[in-house]
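Enquirer: I would like the atomic coordinates for the input below:
(one chain, ligands or ions: 2)
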Amino acid sequence: MSDKPHVADKDWWRSAVFYQIYPRSFLDTNDDGLGDLPGITRRIEYLRDLGVDALWISPFYPSPMKDAGYDISDYCNIDPAFGTLDDFRELVERAHSQGIRIIVDLVTNHTSDQHPWFTEARQSRDAGKHDWYIWHPGKKRRVLKFLKPRRPNNWISQFELRSAWWWNDKTKEYYLGTFTRHQPELNWRNDALKDSGFDVMRFWLDLGVDGFRIDVINWFIKDDRFRSNPFKLNVTPDLFQYHIYDRNRPETLELTKEFRTITSAAGGSERILVGEVFTKDPAIAAAYHGEDKLHMAFNFEFLYNPWKATEFYAAIKRWYDLLPDGAWPNFTLSNHDQRRHYSRYATGNETDARARVAAALLLTLRGTPFLYYGEEIGMSDLDVKRRDLVDPLGRKTWPLKSHGRDPERTPMQWTSEPNAGFTSKGVRPWLPINPNHTTKNATEQAADEGSLHSYYKKLIATRKEHASLRDGELVFVEHGENDVLSYVRTSGVESCAVWLNFGNSPRVVIPGEAGGHRRVVFGTHRLRDDALTDDRLLLEPYEVLIARVEPSD
Ligand code: GLC
Ligand code: CA
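Expert: Ligands and ions are numbered 1, 2, ... in the order given. Okay, here's the model as predicted:
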């Protein structure tokens, strides 16, 4: 038997527990204050012990780092700050040898303005790669003709909070940069660009990656008539516009089919496509699923969900109802762009209890869970001081705390030592380390049976032991009224019932449909193997309870 990924396992991604690594913040092995690829390699055992099956690693490609690596200047290499291609090969080999798969970020909606493609493109309108980007000469002025032409439309830069059109004097045109001015948008209507984009995918597939997380997939194609977006009464994330012309074009769905052809041709174990469909509207994300499109598109509803069982129920139900037939759901509570859920749901001394309920929800729903590094130890957002801010959005919107993304990107807390074991003592880490690492760190929590880390580990192990929890059907029993959410997962003859009390009062529930004999397999307040025989169940505040339902005859 080999513990390598099972080559024949086409559906590995449906039952896998994913863990997102933000490489700059995971582990620094050469004391420059930045996490690196060898740092991830060194922690593969940690991840395996936690029960992680697959990693999504945020960008580590050469980059001027104007948007923390989401501005790439060379798609087929590693930024020296993160290591070398050999380090990457070693990481893939090490991970695969432990049964852990790896997906990497594909950030080809835009490049860095330092990418050689753009350097060439901006030289002249006749340059070979000029049409690889999105240009517009602007609108002629009737008065004040000596000024630059007017901008073509009202499309807006997400991070600079002003027009997304930037003037290029050499060609007397505007280029489009919907994030920062340093991230010019590629033109996915150009065939030569498309071929080069596909080559980037093949390059990483050849290196053995198990798939891609595609950055802002729903922004790849823009309206060919450059129409202005209509007005919408919403500040974040839509910035007062319905994004019907600069995003969410129907042609993008066609493009995903071409992506799928590339991954399908790669051979070996199934290589997957997970799309970041950047929108609050789950219907748009749902439409990206399909045998000929993406395997999954992120469902971001939980990132905005208040702590309310009925609202969780509504979001889950909405997502299940929206997904097309045969599509597989996914859920996530935190990522590198949003506040950590530990902080979002914090409430005095009940915060840890809530984190446990949230984790149980994420790991027992029907759908692939994506964890964000550090959530297993309850890492929280750090209030980063103005002088330490790195994120362009955070700097732009300072002092508004809710918009910057540095707070959720602080270094992983491995130990209680100075610099938290992330980097050596005396080194200045790229972002400050949360001072709470003295009491909250992976090493101490892994050794403590009662810690959040041990809880995640046991929960993941429980999920692995029960086919129903991994890929079973789901039927709701309690819909969040009285703070309780409960459901039964069933796969073949096996069934597990899950009860989650989101509130701080005890609640009585009638197991009803979760009938038969029940035996505890996991819980916060009961012992494993205890029988649940009563007709009524008393749930303690924030109780998590998972019971196997045994057939009564
Ligand atoms: C995605 C990434 C985000 C990045 C942006 C531009 O939303 O998750 O971190 O800044 O795309 O690439
Ligand atoms: Ca380093």
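Enquirer: what's the burial count for the residue in the stretch 301-450 of the chain positioned nearest to ligand 2?
Expert: Per CB to the ion, the residue of the stretch 301-450 of the chain with the smallest distance to ligand 2 is residue 423, at 7.3 Å. In short, each C-beta sits where N, CA and C put it, glycine included. Residue 423 has 25 neighbouring residues, counting by other CB atoms under 10 Å.
Enquirer: so what's the residue nearest to it when sequence neighbours are not counted up against?
Expert: In space, and not counting its chain neighbours, residue 423 is closest to residue 28: 3.8 Å by CB to CB, 6 or more residues apart in numbering. If you count contacts by CB atoms under 8 Å, 6 or more residues apart in numbering, residue 28 has them with 34, 35, 36, 39, 411, 422, 423, 424, 427, 429.
Enquirer: of those residues, which qualify as buried by neighbour count?
Expert: If you count burial by 16 or more other CB atoms under 10 Å, the buried members of the contacts of residue 28 come out as 34, 35, 36, 39, 411, 422, 423, 427, 429.
Enquirer: was I right about the second one contacting residue 25?
Expert: This points to residue 35. Yes - applying CB atoms under 8 Å, one finds residue 35 in contact with residue 25, separated by 5.3 Å.
Enquirer: now whichever residue of the stretch 451-553 of the chain sits closest to ligand 2, nearest residue through space, not along the chain?
Expert: Going by CB to the ion, ligand 2 is nearest to residue 453 of the stretch 451-553 of the chain, at 24.3 Å. Closest residue to residue 453 apart from its sequence neighbours, by CB to CB, 6+ apart: residue 445 at 3.6 Å.
Enquirer: any idea how far residue 393 is from that neighbour?
Expert: To residue 393, residue 445 is 31 Å away according to CB to CB, to the nearest Å.
Enquirer: cool, and residue 253?
Expert: From residue 253 to residue 393 the distance is 28 Å (CB to CB).
Enquirer: how about residue 33?
Expert: From residue 33 to residue 393 the distance is 22 Å (CB to CB).
Enquirer: the nearest residue to residue 35 once chain neighbours are set aside: neighbour count?
Expert: Spatially, and ignoring its direct neighbours in sequence, residue 35 is nearest to residue 26 (4.3 Å; CB to CB, 6+ apart). By other CB under 10 Å, 24 other residues sit near residue 26.
Enquirer: give me every residue that touches residue 26.
Expert: With CB under 8 Å, 6+ apart, residue 26 has these contacts: 35, 39, 40, 43, 373, 411, 412, 422.
Enquirer: tell me who's in contact with the first one.
Expert: Shown here is residue 35, whose contacts under the criterion CB under 8 Å, 6+ apart are 22, 23, 24, 25, 26, 27, 28, 82, 411, 412, 422.
Enquirer: check what pLDDT the residue lying closest to the last one once chain neighbours are set aside gets.
Expert: Okay, so that is residue 422. Nearest residue to residue 422 in three dimensions, chain neighbours excluded: residue 411, at 3.9 Å (CB to CB, 6+ apart). As predicted, residue 411 sits at a pLDDT of 98.
Enquirer: could you do residue 165 as well?
Expert: 98.
Enquirer: nearest residue to it other than its sequence neighbours?
Expert: Per CB to CB, 6+ apart, closest to residue 165 is residue 174, 3.9 Å.
Enquirer: residues contacting the host helix or strand of that neighbour, please?
Expert: Assigned by DSSP states H and E, residue 174 belongs to strand 173-176. For strand 173-176, the external contacting residues (CB under 8 Å, 6+ apart) are 122, 125, 133-138, 151-152, 155, 164-168, 184-185, 222.
Enquirer: with stretch 431-439 instead?
Expert: Under CB under 8 Å, 6+ apart, the answer for stretch 431-439 is 25, 379-380, 382, 384-385, 388, 390, 406, 409-411, 413, 415-416, 419-420, 422, 440.
Enquirer: just to revisit the earlier point, mind listing the shared neighbours of residue 35 and residue 25?
Expert: 411, 412, 422.
Enquirer: mind checking the SS state of the residue of the chain most remote from its centre?
Expert: Within the chain, the residue lying farthest from the chain centre (CA atoms, centre = their mean) is residue 143, at 47.9 Å. Recorded secondary structure, residue 143: coil (DSSP: H, G, I helix; E, B strand; the rest coil).
Enquirer: would you list the phi and psi of it?
Expert: phi -120, psi 170 (degrees, to the nearest 10).
Enquirer: re the thing from before, would CSV of the contacts of residue 35 with secondary structure and distance to residue 51 be doable?
Expert: Listed next are the contacts of residue 35 as CSV, based on DSSP: H, G, I helix; E, B strand; the rest coil; distance: CB to CB, whole Å:
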residue, secondary structure, distance to residue 51
22, coil, 20
23, helix, 21
24, helix, 24
25, helix, 21
26, coil, 18
27, coil, 19
28, coil, 25
82, coil, 26
411, coil, 23
412, coil, 17
422, coil, 22
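Enquirer: which among those gets closest to residue 66?
Expert: Of all the contacts of residue 35, residue 24 has the smallest distance to residue 66: 13.9 Å, by CB to CB.
Enquirer: how many neighbours does the closest one have?
Expert: 27.
Enquirer: same thing with residue 169?
Expert: Residue 169, neighbours per other CB under 10 Å, totals 8.
Enquirer: with residue 73 instead?
Expert: 20.
Enquirer: wait, it touches residue 64, no?
Expert: Yes - counting by CB under 8 Å, residue 73 does reach residue 64; the two are 6.2 Å apart.
Enquirer: which residues in the stretch 151-300 of the chain form helices?
Expert: Under the criterion DSSP state H, counting those that start in this stretch, the stretch 151-300 of the chain carries helices at the ranges 191-206, 250-265, 282-286.
Enquirer: so for ligand 1, which of those sits nearest?
Expert: helix 282-286 (13.2 Å; CB to the nearest ligand atom).
Enquirer: measure the residue lying closest to residue 77 once chain neighbours are set aside to residue 212 for me?
Expert: Take residue 77 and drop its neighbours on the chain: the residue closest to it by CB to CB, 6+ apart is residue 62, 5.3 Å away. Computed as CB to CB, the residue 62 to residue 212 distance reads 18 Å.
Enquirer: tell me the contacts of residue 482?
Expert: Counting by CB under 8 Å, 6+ apart, residue 482 has contacts 503, 507, 509.
Enquirer: which of those fall within strands?
Expert: Secondary structure from DSSP state E places 507, 509 of the contacts of residue 482 in strands.
Enquirer: close to ligand 1: what parts of this protein are there?
Expert: The chain comes close to ligand 1 at residues 67, 70, 107, 179, 215, 216, 276, 278, 336, 337, as judged by CB under 6 Å from any ligand atom.
Enquirer: can you pick the most crowded of these?
Expert: residue 107 (26 neighbours).
Enquirer: find the nearest non-adjacent residue to the residue nearest to the spatial centre of the chain, please.
Expert: Against the mean C-alpha coordinate of the chain, by CA atoms, centre = their mean, the closest residue is residue 335 at 4.9 Å. Leaving aside its chain neighbours, residue 335 sits nearest to residue 372 (5.4 Å; criterion: CB to CB, 6+ apart).
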